[in-house]
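Peer 1: any chance you can model this:
(one chain, ligands or ions: 1)
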Amino acid sequence: MKKQILVTGGIGYIGSHTVVELIESGFEVIIVDNLSNSSIAALNGIGEITGKSPLFEKLDVCNKSQLRSFFEKHAGIVAIIHFAAFKSVGESVSNPLKYYYNNLVSTINLLHFMKEKDIPYMVFSSSCTVYGQPDELPVSEEAPVKKAMSPYGNTKQVMEEIISDTLASTPSLKAISLRYFNPIGAHPSALIGELPIGIPDNLVPFITQTAIGIRDELKVFGDDYNTPDGSAIRDYLHVVDLAKAHVVALQRLLNKQNKENYEVFNLGTGEGVSVLEAIKSFERATGEKLNYKIVDKRPGDIEKLWGDTSLANKELGWKAEKSLDDAMLTAWKWENYLQKRK
Ligand code: UD1
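Peer 2: Next comes the predicted model:
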């Protein structure tokens, strides 16, 4: 029987890019997704890019009985890449139970079936949000996990703990958590990309929607941070580089190259970029002029965060390769494609 990789949330932004990289590396992929925050059009995009149609089942990973039938039907799964989760910081503050239920129950269910069905490996989609505002920058995996700044952030912390506790009690299971910094950009084909529903929370979709005329202006949240130009700093990572890291992490588990049952890696570029620099990069890469204005800080935002990625560089042999300008250009191409598709 052919070995299959289950990708939960594989229709979403990072999931769909990872599915493409998995297929292009020769893996057979099964996607489950409840389409709560994604569009099935991404499946066609994956098909067009790769020339292959991965198996897809619309399924909510929180539904244990559906998940049981799924695993009984698909006995060839050897590893899970778990993306399926809610991710809006603001929504998690106004509706924490929605976040705790969805993000935690889905992860618990998957771990339950990994034990029951002898599926040994998981690559988990974690976030730099677990660090809060770190005392030292760049932040390494050794930095303490601080009290989360939002229920969303807390779900990522608790999910990591649930995984590590489960592995400690069941040594046949192995997992790698990947703590992403800020993923941006789109596939160079512009056939898949980020698809915010409603008004985007995140910077780059807001930039591209403003440039194309859906929004009047970008609001830059704060110019009096303790940073060189006063705007907040993040580590923006091209989503294709990020997707490739998942393939490498998966191979590390499958080839038994992991040094511990549970490993954690930061994934970023290692470089901090301010909001104003990000805008300049967009303008340089696309030739578009962006209408923006400085407004007050966004509550709950941290001042600056970028990653020490040397562990991933050394252990995974992975490094972010694509530039910020390239990420902005692909995000722009994707926005244009979306407008034509409408
Ligand atoms: C947040 C979360 C991150 C999560 C991500 C996904 C934290 C610390 N970070 O990232 O874990 O994975 O959301 O949704 O909880 N900005 C503007 N104007 C805008 C939008 C953003 O100036 O209209 C600025 C923000 O103030 C920030 C930067 O752009 O400085 C990036 O913001 P955003 O894309 O929302 O990501 P984070 O808040 O870093």
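Peer 1: show me what from the chain comes close to the ligand.
Peer 2: Taking C-beta under 6 Å from any ligand atom as the measure of proximity, the chain contacts the ligand at 87-89, 127, 129, 149-150, 153, 182, 201-203, 206, 218-221, 232, 234, 275, 298, 301-302. Bear in mind the C-beta positions are built from the backbone N, C-alpha and C, glycine included.
Peer 1: just checking, which of these belong to strands?
Peer 2: Counted as lying in strands by DSSP state E, out of the residues of the chain next to the ligand, are 127, 182, 218, 219, 220, 221, 234.
Peer 1: narrow the residues you listed to just the buried residues.
Peer 2: Buried by 16 or more other C-beta atoms under 10 Å: 127, 182, 218, 220, 221, 234, out of these.
Peer 1: hang on, isn't the first one packed against residue 153?
Peer 2: Yes: Residue 127 is in contact with residue 153 according to C-beta atoms under 8 Å; the separation is 7.3 Å.
Peer 1: residue 175 should be in a strand, yeah?
Peer 2: Yes: judged by DSSP: H, G, I helix; E, B strand; the rest coil, residue 175 forms part of a strand.
Peer 1: list the contacts for it?
Peer 2: Going by C-beta atoms under 8 Å, 6 or more residues apart in numbering, residue 175 touches 121, 122, 123, 124, 163, 164, 167, 253, 261, 262, 263.
Peer 1: for residue 9, same thing?
Peer 2: So residue 9 contacts 15, 33, 38, 82, 83, 84, 85, 125 (C-beta under 8 Å, 6+ apart).
Peer 1: any idea how far it is from residue 289?
Peer 2: Residue 9 is 35 Å from residue 289, where distance means C-beta to C-beta, to the nearest Å.
Peer 1: now residue 265
Peer 2: Residue 265 is 38 Å from residue 289, where distance means C-beta to C-beta.
Peer 1: cool, residue 101 as well?
Peer 2: 44 Å.
Peer 1: quick one, which of the two is more surrounded?
Peer 2: residue 101 (14 against 9; other C-beta atoms under 10 Å).
Peer 1: ignoring the adjacent residues along the chain, who's closest to the more buried one?
Peer 2: residue 62 (7.1 Å; C-beta to C-beta, 6 or more residues apart in numbering).
Peer 1: that neighbour touches residue 107, doesn't it?
Peer 2: No: shown here, residue 62 and residue 107 do not form a contact pair, counting by C-beta under 8 Å, at 9.7 Å.
Peer 1: the two - which one has more neighbours?
Peer 2: With neighbours defined as other C-beta under 10 Å, residue 62 and residue 107 compare such that residue 107 has more, 25 against 18.
Peer 1: may I have the secondary structure class of that one?
Peer 2: Residue 107 - assigned by three-state DSSP - is helix.
Peer 1: pLDDT score for it?
Peer 2: With respect to pLDDT, residue 107 has a value of 98.
Peer 1: how close does it get to the ligand?
Peer 2: As judged by C-beta to the nearest ligand atom, to the nearest Å, residue 107 and the ligand stand 16 Å apart.
Peer 1: surely that residue meets residue 159?
Peer 2: Yes: applying C-beta under 8 Å as the test, residue 107 and residue 159 come out as touching, 4.8 Å apart.
Peer 1: need the residues touching each of those two.
Peer 2: residue 124.
Peer 1: all strands of the stretch 1-150 of the chain, in order?
Peer 2: 4-8, 28-33, 55-58, 77-82, 121-127 (DSSP state E, counting those that start in this stretch).
Peer 1: for the chain, what helix or strand is lowest in average pLDDT?
Peer 2: Every helix and strand in the chain was compared by mean pLDDT, DSSP states H and E; the lowest is helix 89-94, with a mean of 92.
Peer 1: can I get that helix as PDB, trimmed to CA atoms?
Peer 2: Output of helix 89-94 as PDB, limited to C-alpha atoms (Å, rounded to 0.1, in the frame of the first residue of the first chain):
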ATOM      1  CA  VAL A  89      -6.200  37.000  17.200                       C
ATOM      2  CA  GLY A  90      -9.000  39.500  17.500                       C
ATOM      3  CA  GLU A  91     -11.800  37.000  17.000                       C
ATOM      4  CA  SER A  92     -10.200  34.800  19.700                       C
ATOM      5  CA  VAL A  93     -10.500  37.600  22.200                       C
ATOM      6  CA  SER A  94     -14.200  38.100  21.500                       C
END
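Peer 1: could you number the chain from 359 rather than 1 from now on?
Peer 2: With 359 as the first residue, the last one maps to helix 447-452.
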